[in-house]
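Novice: Model the structure of this input:
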Amino acid sequence: SYVSMNMWGLTPEYMDLLEVGFEDFFNQDHPDMLKVEYLLPIHIGDLLEADKVSVKLLETNDKWFGMTYHEDKADVAQAFDKLISDGLYQTDLFSDL
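Specialist: Numbering: from 1, shown residues only. Here you go, the predicted structure:
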């Protein structure tokens, strides 16, 4: 099954649509604004249904790590440490820039 891992490459034109959607999102009545999320897959799905955007799917066999809440940080940091120790990531990802 294909799923969204929130890894999006977006064009500058999309940012205008995102801004309008974000304003609409904040104008809704949410019982707990500290926990509610503005989910790009849902927003992009709505734009797809309205025929306002198109998307291209890129497949990967890599493992993903989800980080939504502060409590997720330790597990994700440990996963990145393993990628570094396995030689898949550099310690400083931006040292070659």
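
Novice: I would like the residues contacting the host helix or strand of residue 13, please.
Specialist: Following DSSP states H and E, one finds residue 13 within helix 12-26. Here helix 12-26 makes contact (Cβ atoms under 8 Å, 6 or more residues apart in numbering) with 10, 38, 43, 46-47, 52-53. Every residue, glycine included, has its C-beta placed from N, CA and C.

Novice: and that helix, how far out from the chain's middle?
Specialist: Distance of helix 12-26 from its chain centroid, counting by Cα atoms, centre = their mean, to the nearest Å, is 15 Å.

Novice: Now it - C-alpha only, PDB.
Specialist: Extracted in PDB, the C-alpha atoms of helix 12-26 (Å, rounded to 0.1, in the frame of the first residue of the first chain):
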ATOM      1  CA  PRO A  12       6.300  27.800  -5.400                       C
ATOM      2  CA  GLU A  13       2.800  28.000  -6.800                       C
ATOM      3  CA  TYR A  14       1.500  25.500  -4.300                       C
ATOM      4  CA  MET A  15       2.500  27.900  -1.400                       C
ATOM      5  CA  ASP A  16      -0.400  30.200  -2.300                       C
ATOM      6  CA  LEU A  17      -2.900  27.300  -2.000                       C
ATOM      7  CA  LEU A  18      -1.200  26.200   1.200                       C
ATOM      8  CA  GLU A  19      -1.600  29.600   2.700                       C
ATOM      9  CA  VAL A  20      -5.300  29.800   1.900                       C
ATOM     10  CA  GLY A  21      -5.800  26.300   3.300                       C
ATOM     11  CA  PHE A  22      -3.900  27.200   6.500                       C
ATOM     12  CA  GLU A  23      -6.000  30.300   7.100                       C
ATOM     13  CA  ASP A  24      -9.200  28.200   6.700                       C
ATOM     14  CA  PHE A  25      -7.700  25.600   9.100                       C
ATOM     15  CA  PHE A  26      -7.100  28.200  11.800                       C
END
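
Novice: what mean pLDDT does it have?
Specialist: Average pLDDT, helix 12-26: 89.
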